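>>> Pasting a predicted model and its sequence here:
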Amino acid sequence: MTVIRWGLVFLLIVTAGCGANSRPAEPQDAASNGGKPAQAFRRLTDAQWRERHTDEQYRVTRRKGTERPFENAYWDCEKEGVYKCVGCGQPLFSSKTKYESGTGWPSFWAPIEEQSVAARTDKSWIFTRTEVLCSRCDAHLGHVFEDGPEPTGLRYCVNSAALRLEEKLESAAGR
Ligand SMILES: [Zn+2]
């Protein structure tokens with residue numbers, strides 16, 4: 001029952017997509033912004049990951065799946081904030097480096113910090129690609145390509161299902 005309930009919560013967040021002002025409703029370890037040892041997440045079993053995620057989040061992040069373009073939560077999201085890992089809550093990308101790539105997936109020209117993502121050679125397709133993972137929990141995020149805009153020339157093509165946008169709520173107050 002709990003699994004189903006959590007599944008529904010995540011499903012709501014995902015389907016509501018960009019419009020959802022999703023406050024952290026995650027277990028306490030995932031809500032923290034860092035400092036948690038990666039081992040805590042690396043010790044989770046496949047069954048535990050499945051329990052923590054919706055089917056789509058699990059398929060993308062733990063089975064290296066790819067969601068459908070133009071039919072995912074953040075591909076055209078223009079809200080300000082930080083995109084965090086759906087697996088462990090680590091900040092991964094900022095809306096400041098997000099751009100419209102025309103691919104139908106959220107695209108960024110840089111991660112929020114160099115060390116937040118890890119890269120791995122992926123030969124599962126006809127072309128060799130560079131897979132991008134969360135450096136803390138090994139969640140599959142997407143791939144990085146060298147056809148992005150300046151200043152990096154990189155395009156981090158990321159699945160929305162691997163991300164959770166934490167909107168910048170205080171932006172109005174700072175003006
Ligand atoms: Zn993670």
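Looks like it arrived, so ask away. Because the structure is predicted, anything quoted here is derived from the model rather than measured.

>>> For the chain, what lies in contact range of the ion?
Within the chain, the residues that sit near the ion (C-beta under 5 Å from the ion) are 85, 87-88, 90, 134, 136-137, 139. C-betas here are computed from N, CA, C, even on glycine.

>>> which one of the residues you listed is nearest S124?
Nearest to S124, judged by C-beta to C-beta, of the residues of the chain next to the ion is A139 at 16.8 Å.

>>> and the closest one, how many neighbours?
Residues near A139, counting by other C-beta atoms under 10 Å, number 27.

>>> how about it, what does it touch?
61-62, 85-88, 133, 162 (C-beta atoms under 8 Å, 6 or more residues apart in numbering).

>>> From the residues of the chain next to the ion, keep the buried residues only.
Among the residues of the chain next to the ion, those classed as buried by 16 or more other C-beta atoms under 10 Å are 85, 87-88, 90, 134, 136-137, 139.

>>> Out of these, name the ones that lie in strands.
The members of these that map onto strands under DSSP state E are 85, 134.

>>> where do the strands sit along the protein?
Assigned by DSSP E, the strands in the chain fall at 81-85, 91-94, 98-99, 107-108, 117-122, 129-134, 140-145, 155-158, 163-167.

>>> Which of the ones you listed sits closest to D46?
For these, the distance to D46 is smallest for strand 140-145, at 13.5 Å, taking C-beta to C-beta.

>>> hmm, who's touching that closest one?
With C-beta under 8 Å, 6+ apart as the contact definition, strand 140-145 has outside contacts at 60-66, 85, 92, 105, 117, 119, 122, 129-134, 154-159, 162-163.

>>> And the buried ones among these, selectable in ChimeraX?
To isolate the buried members of the contacts of strand 140-145 in ChimeraX, using 16+ other C-beta under 10 Å:
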select :60,61,62,64,65,85,92,105,117,129,131,132,133,134,154,155,156,157,158,159,162,163
